[in-house]
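Engineer: My questions concern the predicted model and sequence given below.
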Amino acid sequence: MQEIRLPQLGKAMAQATIGCLKIGLNHTVGRGQVLCELETDKALLELESSAAGMVKHIFCAEGQTLPIHTPLFVIAAANETVSPDFLEKLQKEFVLCCQSVQLNAPVETAYAGIAVQADGDEPWLSEIRPATGPVHTVRESPRPAPQICNGSFLNGKKVPLTRRQRIVADKMLASKQRIPCFYLHIRVDVTDLDELLSRLNKASKEKYSHNDFIMLALARGMKQYPIMTGQLGKDCIVLSPTIGIGLVIAAENGAVAPVVRDVGSKTLKQISASCRDLRERTQANQLTVDDLVGGCITVSNLGGIGIDSFIPIVIPGQCSILGAGRIFESPVPSGRGDILIRKMMNLNLSVDHRVANGADAAQFLDFVKKQLERPAELAGQAG
């Protein structure tokens with residue numbers, strides 16, 4: 001006999017909503033068979049059975065939101081009798097779990113030593129699909145996402161929202177309603193950075209990108225100005241013990257921003273490898289829930305599709321987000337009476353004013369600019 005409880009599918013997960021039940025009472029199930037769907041504000045998941053046998057009892061119902069470790073099912077051999085006292089004990093525990101969600105929502109959880117709200121601490125959230133063990137896997141939504149650019153949608157037609165789009169809409173609405181932001185713009189001379197990237201990529205099998213250097217510069221900046229790692233607590237600003245940086249990546253059904261861990265202690269090569277790993281796993285739908293939490297700041301780079309400048313929206317639970325535009329040539333006075341043609345990039349920083357003030361954020365962004373304009377020194381600092 002085995003009881004199946006709601007597993008914690010990531011460090012930041014505190015609860016989930018029961019979706020479609022895939023089995024019924026007295027059904028025979030095999031090990032690894034899907035028992036039900038689970039929904040969090042982070043992902044759509046499937047709960048797999050960790051035992052083979054017959055479903056002797058089902059505590060949960062579709063639509064119920066429950067905390068982790070809540071008893072959901074009891075599975076036993078077909079000829080095995082389950083004690084009524086045992087079921088009654090689990091039923092009482094189940095009722096208490098239901099009540100705890102109602103009384104304490106939103107549930108508070110902890111990640112990396114920082115107290116955060118479970119309903120507002122995640123980056124651009126997505127249906128994701130890694131295999132994470134015998135108890136559960138994370139899978140993408142069965143709903144097909146509308147392909148807006150493929151010509152199949154016409155003026156006057158209604159485009160259904162996917163779950164991902166609804167999640168992103170809710171998060172971005174919450175950000176605009178609850179986070180008072182200010183915005184800073186700076187222009188960076190990336191001529192030397194472009195030249196260094198070209199040399200590095202010719203000399204190495206590893207292919208570096210502008211984002212690798214931007215992340216490295218941001219990490220150096222947050223070490224210099226640690227307030228930029230902060231989150232607003234109940235009566236204080238809590239600074240992160242490590243520097244996690246999100247990277248917005250285009251996926252088949254929309255954008256997602258997984259987090260590169262502990263960027264402050266990584267070399268340029270390690271940052272590049274981490275970004276490459278996240279991009280590959282994003283495209284293969286193999287991100288985990290934990291890949292989406294723990295960021296202090298996120299980088300969104302639209303330069304590759306020709307955007308000069310844009311103002312990104314701060315992700316709830318992070319202090320800021322940086323928007324990077326395309327690289328363009330611009331005339332720049334040399335200071336010797338002549339004009340040089342230099343490669344420039346626009347950076348826009350959106351900042352939560354509850355955490356950082358204008359002076360701190362401005363000095364931080366200026367520091368990042370100067371780091372990017374001395375790329376050889378920056379890469380040398382990173383080893």
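Structural biologist: Yep, it's here.
Engineer: going forward, measure contacts and count neighbours with C-alpha atoms only.
Structural biologist: Noted.
Engineer: quick one, phi psi at the most centrally placed residue in the chain?
Structural biologist: Nearest to the geometric centre of the chain sits Leu292, at 2.7 Å (Cα atoms, centre = their mean). Backbone torsions for Leu292, taken as degrees, to the nearest 10, come to phi -100, psi 10.
Engineer: is it true that it touches Pro258?
Structural biologist: Yes: the pair formed by Leu292 and Pro258 meets the contact definition of Cα atoms under 8 Å, at 4.6 Å.
Engineer: For the longest helix along the chain, the averaged confidence score.
Structural biologist: Counting by DSSP state H, the longest helix found in the chain is helix 84-104. The average pLDDT for helix 84-104 rounds to 88.
Engineer: Check which helices and strands it is in contact with.
Structural biologist: The helices and strands touching helix 84-104, judged by 3 or more Cα pairs under 8 Å, 6 or more residues apart in numbering; DSSP states H and E, are strand 65-67, strand 71-76.
Engineer: what's the first one in contact with?
Structural biologist: Translated: strand 65-67. For strand 65-67, the surrounding residues in contact (Cα atoms under 8 Å, 6 or more residues apart in numbering) are 6, 14-18, 97-98, 100-101.
Engineer: Parallel or antiparallel, which strands does it pair with?
Structural biologist: Note on strand 65-67: by DSSP bridges, its sheet partners are strand 15-21 (antiparallel).
Engineer: so how far is the helix or strand just after the strand it pairs with off the chain centroid?
Structural biologist: Using DSSP states H and E, the helix or strand that follows strand 15-21 in sequence is strand 28-29. Mean-position distance between strand 28-29 and its chain equals 35 Å (Cα atoms, centre = their mean, to the nearest Å).
Engineer: list the helices and strands strand 28-29 packs on?
Structural biologist: For strand 28-29, the packing partners by 3+ Cα pairs under 8 Å, 6+ apart come out as strand 53-58.
Engineer: strands paired with the strand it packs on, and their directions?
Structural biologist: Taking DSSP bridges as the criterion, strand 53-58 forms sheet pairs with strand 28-29 (antiparallel), strand 71-76 (antiparallel).
Engineer: from these, which stretch is densest packed?
Structural biologist: strand 71-76 (a mean of 22; mean count of other Cα atoms under 10 Å).
Engineer: Specify the angle between that strand and helix 84-104 in degrees.
Structural biologist: 160 degrees (axes from the mean of the first three to the mean of the last three Cα atoms, to 10 degrees).
Engineer: And for strand 71-76, what's in contact with it?
Structural biologist: Contacts to strand 71-76, defined as Cα under 8 Å, 6+ apart, come from residues 1-6, 51-60, 82, 90, 93-94.
Engineer: Of the residues you listed, grab the buried ones for ChimeraX.
Structural biologist: Buried members of the contacts of strand 71-76, defined by 16 or more other Cα atoms under 10 Å, are picked up in ChimeraX with:
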select :1,2,3,4,5,6,51,52,53,54,55,56,57,58,60,90,94
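Engineer: hang on, the earlier thing: could you dump the strands paired with strand 53-58 to CSV with distance to Ser175 and mean pLDDT?
Structural biologist: Shown next, in CSV, are these (distance: least, Cα to Cα, whole Å; pLDDT from 0 to 100):
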stretch, distance to Ser175, mean pLDDT
strand 28-29, 43, 95
strand 71-76, 34, 96
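Engineer: Against Gln318, how distant is Lys234?
Structural biologist: Distance, Lys234 to Gln318, using Cα to Cα, to the nearest Å: 15 Å.
Engineer: Who has more neighbours out of the two?
Structural biologist: Higher neighbour count among Lys234 and Gln318: Gln318, with 28 against 9, using other Cα atoms under 10 Å.
Engineer: So the more buried one sits against Gly233, correct?
Structural biologist: No: contact criterion Cα under 8 Å: Gln318 and Gly233 do not qualify, at 11.9 Å.
Engineer: Show me what the helix or strand hosting Asp192 is in contact with.
Structural biologist: For Asp192, the host element (DSSP H and E) is helix 191-203. Helix 191-203 is contacted by residues 207-210, 342-344, 372-376 when judged by Cα under 8 Å, 6+ apart.
Engineer: quick one: buried residues of the helix or strand just after that helix?
Structural biologist: Of the helices and strands lying after helix 191-203 in sequence (DSSP H and E), the nearest is helix 210-224. Buried positions in helix 210-224, judged by neighbour count with 16+ other Cα under 10 Å: 210-223.
Engineer: tell me which of those residues is nearest to Phe367?
Structural biologist: Gly221 (6.1 Å; Cα to Cα).
Engineer: Would you agree that closest one is in contact with Phe367?
Structural biologist: Yes: Gly221 is within contact range of Phe367, at 6.1 Å (criterion: Cα under 8 Å).
Engineer: Identify the bridge partners of the closest residue to Val351 other than its chain neighbours.
Structural biologist: Leaving aside its chain neighbours, Val351 sits nearest to Ser320 (4.4 Å; criterion: Cα to Cα, 6 or more residues apart in numbering). Ser320 has the following beta-bridge partners by DSSP bridges: Ile297, Val351.
Engineer: how about Ser320, what does it touch?
Structural biologist: Contact analysis of Ser320 by Cα under 8 Å, 6+ apart lists 228, 296-298, 314, 349-352.
Engineer: so how far is Cys60 from the residue sitting furthest away from the middle of the chain?
Structural biologist: Centroid-distance maximum for the chain: Gly337 at 48.2 Å, with Cα atoms, centre = their mean. Distance, Gly337 to Cys60, by Cα to Cα: 76 Å.
Engineer: can you check Val332 too?
Structural biologist: As defined by Cα to Cα, Val332 lies at a distance of 66 Å from Cys60.
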